[in-house]
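Asker: Structural data only, the sequence is not supplied:
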């Protein structure tokens, strides 16, 4: 089992920045591929970014490329999402997730075995 807890969400104006954190406990954090997803009201859950167990590979959704940066600290068992130049369309609940073994692409939701409870990000125009 892996327990994931997100933090760092909040209200920010368009063009601002936020940094989300995902703290993990339980089984060895460094063995998991980690991802960020988001879900806005009335919409499906959307892939944001993912990072390999070593941090050597990162993948981003098209809507956040060039604005968001995913990273991880395996010593602290924490993953981060630095979000810059935020837009109102980034408003959503952001979830972190852990995959013991990817089945398909980084964005394939069923690959992820464990999920956090989510943190709200609201971007005002």
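Answerer: Cool, the structure landed. What you are looking at is a predicted structure, and each value in this text was computed from that prediction instead of being measured.
Asker: So what sits opposite the residue nearest the centre of the chain in the bridge?
Answerer: Central residue of the chain (Cα atoms, centre = their mean): residue 36, 2.0 Å from the mean position. Beta-bridge partners for residue 36, by DSSP bridges, are residue 49, residue 96.
Asker: can you pull the contacts of residue 32?
Answerer: Listed by Cβ atoms under 8 Å, 6 or more residues apart in numbering, the contact set of residue 32 reads 2, 24, 53, 98-100. Where you see a C-beta, it was placed from the backbone N, CA and C, and this is true even at glycine.
Asker: so residue 3 touches residue 25, yeah?
Answerer: Yes: judged on Cβ atoms under 8 Å, residue 3 makes contact with residue 25 at a distance of 4.8 Å.
Asker: follow-up on the earlier one: tell me which of the contacts of residue 32 fall in strands.
Answerer: Within the contacts of residue 32, residues falling in strands by DSSP state E are 2, 24, 98-99.
Asker: Just the closest of the residues you listed to residue 75, please.
Answerer: Residue 75 lies nearest to residue 24 out of the ones in strands among the contacts of residue 32, by Cβ to Cβ, at 11.9 Å.
Asker: Neighbours of the closest residue to that closest one other than its chain neighbours, how many?
Answerer: The shortest distance from residue 24 to any non-neighbouring residue, by Cβ to Cβ, 6 or more residues apart in numbering, is to residue 77 (4.6 Å). Close neighbours of residue 77, defined as other Cβ atoms under 10 Å, add up to 18.
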